[in-house]
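**Q** Sequence and predicted structure, then a few things I'm wondering about:
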Amino acid sequence: MNLFNKNFDRIKNVQRYRIKKDFTFSAISFFVYAIAIALGIFLEFTVASVANIQMLILFALILIIISGLIALLPSWMNVINMILILNLVMFGIFGGSFIILAICGSVGLILASSVQLVLQWDKVVILRLGKFRTVHGPGLTLLFPLMDRVAESIDTRIRVTDFTAEKTLTTDTVPVHVDALAFWMVWDAKSVVLEVENYIEAVILSAQTALRDAIGKHELSHLLSDREELGKEIQMALDAKTTPWGVTILSIEITDIIIPKELENAMSKRAQAEREKQSRIILADAEVTIAQKFTTAATEYDKHPHAMQLRSMNMIYEGIRQNNSMMLMPSSMIDSLN
């Protein structure tokens, strides 16, 4: 059974169960509905003679509970069912005593469901009788009852999605594990709803495919040294695919490249050997430079013997001053400095 579920999860286009939503029942909707209930209670007191206030309050509480159920399952079918249930309760339990309140509650429920509040960063795609009608931006909008529905609310802010490519072979047949980040945003809400079933999953899977394809075109050394160039290459390939969907890829950033442990140790030893080689070359170059300087100095000292004596005296003085100790010298050397 577990194996079956695992294989089933690998299928990316499986239809997953989602609660059907035709609208959103927000705080504005509750406010409109509360006004309708208050109006119904007012008319019950002014037009009809209310004999039992407690029963009226109980019926009003039932109306409020119905609004909570609609908020959990916001669809026009549920609105119609709740209105039918409300009228059945009114006639069956309360004997048709609060018909004015029931009418106000039913109308208020429809109006409250039609009022939609769209946030600044959202855009809603509205369908009428199953066909595209319009894309509404931020602010209040009204739906035509029972005919209009909100297909989806699209967040147009910049999003960050992480994706990986596991055990992908480079051109020089090295298996690597690469982690990356994609910065993207939706610029056309109509296309992203009507053209793609699940645009978030489509973007992630397309990014993984583009990353694997880019890894297979380069050697490991190029991946490690030119991450920025690799990210631009993936961005161009991915953006060409997602632009018809209404999605723009802003940038791709490679966060981590993991190579096998054995290869990592070998590369570390190679880098250490390269550093030792460079240090020896630098030391040899320094020795050549020092030898050239000594040759030049010897030529100058040969031309000026007194300069050689002064240099010797200075070296003796510096040695005694720095070490703060006694220095033994042969008498022949003292004679040469005389």
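**A** Good, I have the coordinates.

**Q** how about low-confidence regions in the stretch 51-200 of the chain?
**A** Within the stretch 51-200 of the chain, the segments meeting pLDDT under 70 span 51.

**Q** scratch that, the stretch 201-338 of the chain
**A** Applying pLDDT under 70 to the stretch 201-338 of the chain flags the ranges 262-275, 300-338.

**Q** again, 80 this time
**A** 220-225, 259-280, 283-287, 290-338 (pLDDT under 80).

**Q** so residue 232 touches residue 252, yeah?
**A** Yes. Contact status for residue 232 versus residue 252: in contact at 7.4 Å, counting by C-beta atoms under 8 Å. From N, CA and C alone the C-beta is placed, and that goes for glycine too.

**Q** Those two: who's more crowded?
**A** residue 252 (27 against 14; other C-beta atoms under 10 Å).

**Q** In the sheet, which residues pair with the more buried one? Tell me.
**A** When bridges are called by DSSP bridges, residue 252 pairs up with residue 182.

**Q** Pretty sure it sits against residue 234.
**A** Yes. With contact defined as C-beta under 8 Å, residue 252 reaches residue 234; the gap is 4.5 Å.

**Q** Identify the contacts common to these two.
**A** Common contacts of residue 252 and residue 234 (C-beta atoms under 8 Å, 6 or more residues apart in numbering): 180, 207.

**Q** Show me where the chain has its strands.
**A** Per DSSP state E, the chain carries strands over the ranges 115-118, 122-128, 131-136, 139-142, 148-155, 159-169, 175-186, 247-258.

**Q** Adding distance to residue 37, write these out as CSV.
**A** Shown next, in CSV, are the strands of the chain (distance: least, C-beta to C-beta, whole Å):
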stretch, distance to residue 37
strand 115-118, 15
strand 122-128, 27
strand 131-136, 28
strand 139-142, 20
strand 148-155, 24
strand 159-169, 40
strand 175-186, 38
strand 247-258, 43
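
**Q** between those, which one is nearest to residue 94?
**A** Among those, strand 115-118 comes nearest to residue 94, with 28.2 Å by C-beta to C-beta.

**Q** Check which helices and strands that closest one sits against.
**A** helix 27-46, strand 139-142 (3 or more C-beta pairs under 8 Å, 6 or more residues apart in numbering; DSSP states H and E).

**Q** Can you point out the buried residues in it?
**A** Neighbour counts over strand 115-118 (16 or more other C-beta atoms under 10 Å) mark 115, 116, 118 as buried.

**Q** Closest to residue 73 out of the residues you listed?
**A** residue 116 (16.5 Å).

**Q** separation between the closest one and residue 159?
**A** Using C-beta to C-beta, to the nearest Å, we find residue 116 at a distance of 23 Å from residue 159.

**Q** Select, out of the strands of the chain, the one closest to residue 200.
**A** Evaluated with C-beta to C-beta, these place strand 159-169 nearest to residue 200, the distance being 7.7 Å.

**Q** Keeping just the C-alphas, turn the closest one into PDB.
**A** Taking Å, rounded to 0.1, in the frame of the first residue of the first chain, the C-alpha atoms of strand 159-169 are listed here in PDB:
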ATOM      1  CA  ARG A 159       7.700  35.400  -4.800                       C
ATOM      2  CA  VAL A 160      10.700  33.300  -3.800                       C
ATOM      3  CA  THR A 161      10.700  29.600  -4.600                       C
ATOM      4  CA  ASP A 162      13.500  27.100  -3.800                       C
ATOM      5  CA  PHE A 163      14.100  24.100  -6.000                       C
ATOM      6  CA  THR A 164      16.800  21.500  -6.400                       C
ATOM      7  CA  ALA A 165      18.400  19.100  -8.900                       C
ATOM      8  CA  GLU A 166      19.500  15.900  -7.200                       C
ATOM      9  CA  LYS A 167      22.200  13.600  -8.600                       C
ATOM     10  CA  THR A 168      22.500  15.400 -11.900                       C
ATOM     11  CA  LEU A 169      25.500  14.600 -14.100                       C
END
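
**Q** Can you check what angle separates it from strand 247-258?
**A** Angle of strand 159-169 versus strand 247-258, following axes from the mean of the first three to the mean of the last three C-alpha atoms, to 10 degrees, is 50 degrees.

**Q** hmm, who's touching strand 159-169?
**A** By C-beta under 8 Å, 6+ apart, the residues outside strand 159-169 that reach it are 175-185, 200, 203-204, 207-208, 211-212, 215-216, 255.

**Q** Roughly how far does the residue nearest to residue 79 when sequence neighbours are not counted sit from residue 152?
**A** In space, and not counting its chain neighbours, residue 79 is closest to residue 113: 5.5 Å by C-beta to C-beta, 6 or more residues apart in numbering. From residue 113 over to residue 152 the distance is 17 Å, taken as C-beta to C-beta.
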